[in-house]
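Let's see this in three dimensions:
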Amino acid sequence: MRTAQEFHAAGCPRIARTIETRGANWLLTERSHIQLLADQLGVDITDAMARDLCEYNPHPPSTPVRVDVIVPFCAADSRFVAECIQSIADQRHCLPTIHVIADGCDWPQLPVMRPAITIRQYATPGSWGPYRICNAVVSGGYCDTPYLAIQDADDTSHPDRVWRQIQLLEEHNADMISSSMQQMAAPCCTEEALHRMRREPVLRAGTAYLSAPFGRVVNSTRTLRTAWFQRLNGFADLRCGADFDLDNRSHLFGGATIHDQAIMATRRLHGGSLTTAPTYRIGSAARQQTNQIVLDNLAACRRDPLAAPSFGGLQAAPQLQQL
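Residues are numbered from 1 along each chain as shown. Now for the predicted structure:
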């Protein structure tokens, strides 16, 4: 662990002052949201977060790109599903197959899609959570394209998100990509969620944390090759944190990830979301337990990168009911 003096010498006075007042263990807490990259590169965290986003725009494809998009939703998200799906249907230069999964809840009114857009509807018999659902869609053989995009039901994607990400995947021969997201508060947003939005108005792809030292992939702007998801054996069977776990295993197993800093989606914060609900919010016992599992998996994969797929839950995924 680097000391306050070392951070002063590296040109990170704010981090150094916080270590002096709160102790070195502050760097190890999730609540601090300190990027490990600041430690590695000697960059002041506040200045780094204030820099302009770097944007690169590839040329649109000559023919529309086919892609599977997975959208799980629970009762708390159901009021936002129609807007989420519409944002996927409005994607330019691509033909998405949208897999919409009701996680133990009723169906809302869905928008009417143009004929080229395919919507497949599924239901779970109970509350599975988004990661187990993603595994079930892929393991059930429902995905027909080389690409897999993931989107939370309470988020919306900008019109160029999918084709742009796939173009960059192909151009760089990468396995996975994500972009940044603008945070937005819903009317039902809790005060804690509002505080999080003010503290981090943009979720930046590539931000490094203790549980994701290779850089965070923003899960709701995650697009990856379907074959790579299968090689990793999908997400770990966790209620939260499985996105960080997948990022770590992908890196250690030799995957190439692009952190595209353009803001390509909007994240809606509300009281019923998984990350703000009392059970799994930051600092909760369930979150701490999950974080420890992610760290344990990271340590095991560092010892033996070839073991990375064994921590995924794709092969053991339950069967979805297609409607």
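
which residues in the stretch 101-250 of the chain form strands?
Assigned by DSSP state E, counting those that start in this stretch, the stretch 101-250 of the chain shows strands spanning 118-124, 147-150, 155-157, 176-185, 202-203, 223-225.

of all those strands, which lies closest to Arg239?
Closest to Arg239 of the strands of the stretch 101-250 of the chain is strand 118-124 (C-beta to C-beta; 13.4 Å). C-beta: built from backbone N, CA, C; applies to glycine.

Are there helices or strands packed against the closest one, and which ones?
Contacts defined by 3 or more C-beta pairs under 8 Å, 6 or more residues apart in numbering; DSSP states H and E place strand 118-124 against strand 94-103, helix 130-139, strand 321-322.

quick revisit: tabulate the strands of the stretch 101-250 of the chain in CSV, adding columns for mean pLDDT and distance to Ala82.
As requested, these are exported to CSV (pLDDT from 0 to 100; distance: least, C-beta to C-beta, whole Å):
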stretch, mean pLDDT, distance to Ala82
strand 118-124, 94, 11
strand 147-150, 98, 18
strand 155-157, 94, 11
strand 176-185, 87, 17
strand 202-203, 85, 23
strand 223-225, 98, 22
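
The strand ranked longest in the chain versus strand 176-185: what angle between them?
Counting by DSSP state E, the longest strand found in the chain is strand 257-269. Between strand 257-269 and strand 176-185, the angle comes out at 20 degrees (axes from the mean of the first three to the mean of the last three C-alpha atoms, to 10 degrees).

so what strands line up beside strand 257-269?
Strand 257-269 sits in its sheet next to strand 155-157 (antiparallel), strand 176-185 (parallel), going by DSSP bridges.

Now render those strands as CSV, adding mean neighbour count and distance to Gln315.
Conversion of the strands paired with strand 257-269 to CSV gives the following (neighbours: other C-beta atoms under 10 Å; distance: least, C-beta to C-beta, whole Å):
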stretch, mean neighbour count, distance to Gln315
strand 155-157, 24, 28
strand 176-185, 22, 20
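
want to try JSON lines for those strands, with distance to Ala262 as columns?
Shown next, in JSON lines, are the strands paired with strand 257-269 (distance: least, C-beta to C-beta, whole Å):
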{"stretch": "strand 155-157", "distance to Ala262": "12"}
{"stretch": "strand 176-185", "distance to Ala262": "5"}
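
got the residue ranges for the helices in the stretch 201-323 of the chain?
In the stretch 201-323 of the chain, helices defined by DSSP state H, counting those that start in this stretch lie at 226-231, 242-252, 285-303, listed in chain order.

Put the alpha carbons of the shortest one into CSV.
The C-alpha atoms that make up helix 226-231 are tabulated as CSV, following Å, rounded to 0.1, in the frame of the first residue of the first chain:
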residue,chain,number,x,y,z
THR,A,226,-21.3,-14.3,-28.2
ALA,A,227,-18.5,-16.9,-28.7
TRP,A,228,-16.4,-15.1,-26.1
PHE,A,229,-19.2,-15.1,-23.6
GLN,A,230,-19.6,-18.8,-24.1
ARG,A,231,-15.8,-19.4,-23.7
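
before we move on, back to that, who wins for proximity to Tyr147 among the strands paired with strand 257-269?
strand 176-185 (10.0 Å).

hmm, back to that, so for Ala256, which of the strands of the stretch 101-250 of the chain sits nearest?
strand 176-185 (7.6 Å).

care to break the protein down by domain?
Under the assignment automatic domain parsing, the domains of the chain span 4-50, 65-321.

mean pLDDT lowest for which of these?
Averaging pLDDT over each of those singles out domain 4-50 as the lowest, with a mean of 55.

Now the most centrally placed residue in the chain: closest residue in space that isn't a chain neighbour?
When C-alpha atoms, centre = their mean is applied to the chain, the residue found nearest the centroid is Asn219 (1.2 Å). Distance criterion C-beta to C-beta, 6 or more residues apart in numbering; nearest residue to Asn219, sequence neighbours excluded, is Asp243 at 4.0 Å.

Count the residues that sit near that neighbour.
When neighbours are counted by other C-beta atoms under 10 Å, Asp243 registers 24.

Could you pull up the residues touching it?
By C-beta atoms under 8 Å, 6 or more residues apart in numbering, the contact list for Asp243 reads Tyr131, Val217, Asn219, Arg222, Phe235.

Can you give the distance from stretch 81-99 to the centre of its chain?
18 Å (C-alpha atoms, centre = their mean, to the nearest Å).

Could I have the CA atoms of it written out in CSV?
What follows is stretch 81-99, C-alpha atoms only, in CSV (Å, rounded to 0.1, in the frame of the first residue of the first chain):
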residue,chain,number,x,y,z
VAL,A,81,-39.1,-1.2,-20.2
ALA,A,82,-41.0,0.3,-23.2
GLU,A,83,-38.6,3.3,-23.4
CYS,A,84,-35.6,0.9,-23.0
ILE,A,85,-36.8,-1.3,-25.9
GLN,A,86,-37.7,1.6,-28.1
SER,A,87,-34.1,2.9,-27.7
ILE,A,88,-32.8,-0.4,-29.0
ALA,A,89,-35.3,-0.5,-31.8
ASP,A,90,-34.2,3.0,-32.8
GLN,A,91,-30.5,1.9,-33.2
ARG,A,92,-29.1,2.9,-36.6
HIS,A,93,-27.3,0.6,-39.0
CYS,A,94,-28.2,-2.6,-37.1
LEU,A,95,-31.0,-5.3,-36.9
PRO,A,96,-31.4,-6.3,-33.3
THR,A,97,-33.1,-9.3,-31.9
ILE,A,98,-34.4,-8.1,-28.6
HIS,A,99,-34.7,-10.7,-25.8
